[in-house]
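> I would like the atomic coordinates for the input below:
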Amino acid sequence: MNDNQFKFSNAVIGLPVLFVLFLWIVYWFQIRFDFDFYQNGIYPRDFSGLQGVLFSPFIHENLGHLYNNSIPLLVLLAALQYFYSRQAISVIVYGIIFSGVITWVIGRENYHIGASGLIYVLVSFIFFKGIQTGYYRLVALSLSVILLYGGMIWYVFPDVDATISWEGHLAGFLTGFVLTLFYKTPEYKRAIVYDWQKPDFSPEDDPFMKHFDENGNFVPVEKHVEEDEFILSYFSSDKLINYSVTRSESEDKK
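Numbering: from 1, shown residues only. Got it, this is the predicted structure:
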């Protein structure tokens with residue numbers, strides 16, 4: 001795997017923008033025509049409340065609720081599409097479904113609405129998947145997500161704020177983690193494999209290791225590189241200095 005795996009496309013901008021735009025259109029219909037979409041949210045352990053599994057992420061209580069979900073969605077959906085383009089759509093779809101079902105099972109008897117469950121799916125997936133790959137760019141992405149949204153972890157616990165659906169947050173967080181186990185990313189193998197990491201590595205054949213004795217001390221080394229070039233290496237008081245000297249034709253005639 002190399003950095004060419006990460007390719008910018010229109011979907012990196014288009015996916016988050018269109019998704020968030022749809023949320024705002026739904027909210028506009030809600031306030032413009034006085035639609036009561038709340039009853040289309042998740043109502044736990046009620047058969048009619050199952051419709052909210054699909055509809056609840058697109059329903060918001062007020063403008064502040066919608067705004068607070070829009071910004072993280074723009075950032076996280078763009079990151080998901082750019083770094084995990086093959087898994088992006090599946091993570092979004094299954095993230096909505098499974099986090100909604102879990103909320104329906106464990107939630108309080110009230111309507112649960114909003115896209116925050118999906119946000120927790122994205123945060124969880126991006127963080128855990130990056131750590132699992134071990135690839136330095138994705139690990140850096142994981143740490144960036146935690147730096148930006150790490151404080152959200154407190155809202156998966158009960159009684160932090162009675163007005164929020166901690167059940168939906170917890171369901172999203174668990175769903176994101178499970179999806180990292182389900183979706184394998186073999187394309188994200190470690191991009192850099194050093195010689196000493198290879199199973200057939202032999203210290204005796206390594207050019208660098210030849211500068212050390214069995215006690216780990218630097219030793220003088222003379223090594224001819226080519227017919228017209230040689231390296232003289234010697235150990236000074238604090239470091240090993242390498243000189244590259246090229247013979248001239250006049251010196252060869254002597």
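
> domains in the chain, as residue ranges please.
3-188, 195-253 (automatic domain parsing).

> and the shortest one, average pLDDT?
The one in question is domain 195-253. For domain 195-253, mean pLDDT rounds to 55.

> cool, stretch 139-159 as well?
Stretch 139-159 carries an average pLDDT of 93.

> Pull it out as CSV, backbone CA atoms only.
Taking Å, rounded to 0.1, in the frame of the first residue of the first chain, the C-alpha atoms of stretch 139-159 are listed here in CSV:
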residue,chain,number,x,y,z
VAL,A,139,-3.2,6.5,13.1
ALA,A,140,-2.6,10.3,12.8
LEU,A,141,-6.2,10.6,11.6
SER,A,142,-7.4,8.6,14.6
LEU,A,143,-5.5,10.9,17.0
SER,A,144,-6.9,13.9,15.2
VAL,A,145,-10.5,12.6,15.6
ILE,A,146,-9.9,12.1,19.3
LEU,A,147,-8.4,15.5,19.7
LEU,A,148,-11.4,17.1,18.0
TYR,A,149,-14.2,14.9,19.4
GLY,A,150,-12.8,12.9,22.2
GLY,A,151,-15.0,14.8,24.7
MET,A,152,-18.0,13.2,23.2
ILE,A,153,-17.2,10.0,25.0
TRP,A,154,-18.9,11.4,28.2
TYR,A,155,-22.2,11.5,26.4
VAL,A,156,-22.5,7.8,26.1
PHE,A,157,-23.1,7.5,29.8
PRO,A,158,-26.5,8.0,31.5
ASP,A,159,-27.4,11.1,33.5
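
> So which of the domains of the chain is the most surrounded?
Per residue and on average, the most neighbours among the domains of the chain fall to domain 3-188, with a mean of 18 (mean count of other C-beta atoms under 10 Å). Glycine gets a C-beta too; all of them are placed from N, C-alpha and C.

> Give me the helices and strands touching the lengthiest helix in the chain, please.
Taking DSSP state H as the criterion, the chain has its longest helix at helix 10-32. With contacts taken as 3 or more C-beta pairs under 8 Å, 6 or more residues apart in numbering; DSSP states H and E, helix 10-32 sits against helix 63-83, helix 88-106.

> Which one of those lies nearest to V219?
Closest of the helices and strands packed on helix 10-32 to V219 is helix 63-83, at 45.8 Å (criterion: C-beta to C-beta).

> tilt between the longest helix of the chain and helix 88-106?
Put simply, helix 10-32 runs at 40 degrees to helix 88-106, going by axes from the mean of the first three to the mean of the last three C-alpha atoms, to 10 degrees.

> Packing partners of the very next helix or strand once past helix 10-32?
Under the assignment DSSP states H and E, the closest C-terminal helix or strand after helix 10-32 is helix 52-55. Judged by 3+ C-beta pairs under 8 Å, 6+ apart, helix 52-55 is in contact with helix 88-106.

> Report the inter-axis angle for the helix it packs on versus helix 63-83.
Using the same axes, to 10 degrees: helix 88-106 against helix 63-83 is 140 degrees.

> Show me what the following helix or strand past helix 88-106 is packed against.
Sequence-wise, the next helix or strand downstream of helix 88-106 (DSSP H and E) is helix 116-133. Packing partners of helix 116-133 (3+ C-beta pairs under 8 Å, 6+ apart): helix 63-83, helix 88-106, helix 136-149, helix 166-182.

> Would you reformat those as JSON lines and include distance to F157?
Shown next, in JSON lines, are the helices and strands packed on helix 116-133 (distance: least, C-beta to C-beta, whole Å):
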{"stretch": "helix 63-83", "distance to F157": "19"}
{"stretch": "helix 88-106", "distance to F157": "13"}
{"stretch": "helix 136-149", "distance to F157": "16"}
{"stretch": "helix 166-182", "distance to F157": "6"}
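
> circling back: extract the C-alpha set from the longest helix of the chain and format it as CSV.
The C-alpha trace of helix 10-32 is given here as CSV (Å, rounded to 0.1, in the frame of the first residue of the first chain):
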residue,chain,number,x,y,z
ASN,A,10,-15.8,14.9,-6.0
ALA,A,11,-17.4,12.5,-3.6
VAL,A,12,-15.1,13.7,-0.8
ILE,A,13,-16.9,17.1,-0.9
GLY,A,14,-20.2,15.9,-2.5
LEU,A,15,-21.1,13.2,0.0
PRO,A,16,-21.0,15.3,3.2
VAL,A,17,-22.5,18.4,1.5
LEU,A,18,-25.4,16.5,0.0
PHE,A,19,-26.1,14.6,3.2
VAL,A,20,-26.1,17.7,5.4
LEU,A,21,-28.0,19.6,2.8
PHE,A,22,-30.7,17.0,2.9
LEU,A,23,-30.9,17.4,6.7
TRP,A,24,-31.5,21.1,6.3
ILE,A,25,-34.2,20.5,3.6
VAL,A,26,-36.0,18.2,5.9
TYR,A,27,-35.8,20.7,8.7
TRP,A,28,-37.1,23.5,6.4
PHE,A,29,-40.1,21.4,5.5
GLN,A,30,-40.7,20.7,9.1
ILE,A,31,-40.9,24.4,10.1
ARG,A,32,-42.3,25.7,6.8
